[in-house]
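>>> Below is the structure, and that's it, no one-letter string:
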């Protein structure tokens, strides 16, 4: 059997095992070692990879951003900042058509600038936003679909764990990827808000029969902003300092953790028990991400040794079709994978194959990273395994059926796809800011 055939066999085996439910990290480790053994015919070569791969895969100062940003998001959530943020948005936008939906979008966008994890946004706003929306007459479908659909902002607006992983796999600057996500994140936020207003005005039955909250004076609105000032201050501290060049993304994560801890102390929400639980959860999350990163690096080496990367790159580069159609085909594949696998698994499986092709076609890897991120995020609300949908359902229990959440999130899925199309034809939206920084 040729080296290329073995690499293809290992790729198919990897996809099969992941679909069957085997942990992605264990799957990639096993197929990497087995594939290299079969390709070289030397077990010692694969054993050497197992010994050196983990060290060289994550032995880099930049990898500290993962545990630091995860911990920062958990501490910020524990401080109650997310609830304050939602109430401030409600005070300012609650009386607009579809106002509470827009509040959820904006709150998700700001909360995303702290957590960097879509699932965290879905879990938080299931508890914070949905009860308020139901109280004011919004339908269950719209309320839960809005939370699940707009949670995609968590992986796009920096700091984003998904962009960190992409940066590691592509060897691109994580700081530039963060900066590149800002304009697309704003575009997606505006697109969500416009879609909600259109639904409220032209298809009012789709959002329910909401009552308008009482009118608040300017003083009350300003007070609500004051209560949410801690989360705004944390965002400015972390992102502003990083973009101004005062500190690196890794240092920004450390500063953010200290800032989130200070918010907990100032709000009187600090307890050793909660801190211990948060540190443990942060450790578990980081360990899982690092295992996947290590195994992904080893899997990429196996595919390279087998010749699959070179063959695929040459084949696609010689196709007699426009490169944009090839790129669009890749994005469709990522959307399809998003319906079955978690976002990190998709990245580590697909990027070792796609990135060389994107480079061969001459596309900007930072632009492709933003496109890939949004494309994969469509899977959060796509049947049968929409992770955000499952999180919302798990948070609310029997209050709503999973079918209702999928139906309610359909308009937001459409907005995600339209945003991908916009960025595909207007790459400057993702490349302009990094180019001027």
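Now that the structure is in, tell me what you want to look at. Model, not experiment: these values are computed from the prediction.
>>> pull the longest helix from the chain.
If you go by DSSP state H, the chain has its longest helix at helix 272-306.
>>> In that helix, which residues are buried?
By 16 or more other Cβ atoms under 10 Å, the buried positions in helix 272-306 come out as 278, 282, 285-286, 289-303, 305-306. Every residue, glycine included, has its C-beta placed from N, CA and C.
>>> same check, this time on stretch 209-225
So for stretch 209-225, counting by 16+ other Cβ under 10 Å, buried means 210, 216, 224.
>>> Check pLDDT for these and point me to the minimum.
When the buried residues of stretch 209-225 are compared by pLDDT, residue 216 scores lowest at 70.
>>> how would you label it: helix, strand or coil?
Secondary structure state of residue 216, per DSSP: H, G, I helix; E, B strand; the rest coil, is coil.
>>> What separation do you get for it and residue 67?
Distance check for residue 216 against residue 67: by Cβ to Cβ, to the nearest Å, it reads 40 Å.
>>> With residue 221 instead?
Here the distance between residue 221 and residue 67 works out to 37 Å (Cβ to Cβ).
>>> Residue 192 too?
Noted for residue 192: a distance of 30 Å to residue 67, by Cβ to Cβ.
>>> can you check residue 106 too?
From residue 106 to residue 67 the distance is 28 Å (Cβ to Cβ).
>>> repeat for residue 8
Using Cβ to Cβ, one gets 36 Å for the distance from residue 8 to residue 67.
>>> So between residue 192 and residue 67, which is more surrounded?
residue 192 (27 against 19; other Cβ atoms under 10 Å).
>>> can you pull the contacts of the more buried one?
Residues near residue 192 by Cβ atoms under 8 Å, 6 or more residues apart in numbering: 105, 149-150, 153, 412, 415.
>>> Point out the ones among those that are inside helices.
Short answer: those in helices (DSSP H) are 105, 149-150, 412, 415.
>>> From those residues, pick the one nearest residue 367.
If you rank those by distance to residue 367 using Cβ to Cβ, residue 415 comes first, at 19.9 Å.
>>> For the closest one, grab the count of nearby residues.
By other Cβ under 10 Å, the residues close to residue 415 number 20.
>>> what's the distance between it and residue 358?
25 Å.
>>> What of residue 151?
Using Cβ to Cβ, residue 151 is found at 27 Å from residue 358.
>>> higher neighbour count, the two?
Shown here are residue 151 and residue 358; by other Cβ under 10 Å, residue 151 has more neighbours (33 against 24).
>>> Tell me the pLDDT of the more buried one.
Residue 151 is given a pLDDT of 82.
>>> and if you look at residue 425?
The predicted local confidence for residue 425 is 90.
>>> any idea how far residue 3 lies from residue 347?
Counting by Cβ to Cβ, the gap from residue 3 to residue 347 is 25 Å.
>>> Could you do residue 383 as well?
Distance from residue 383 to residue 347, by Cβ to Cβ: 21 Å.
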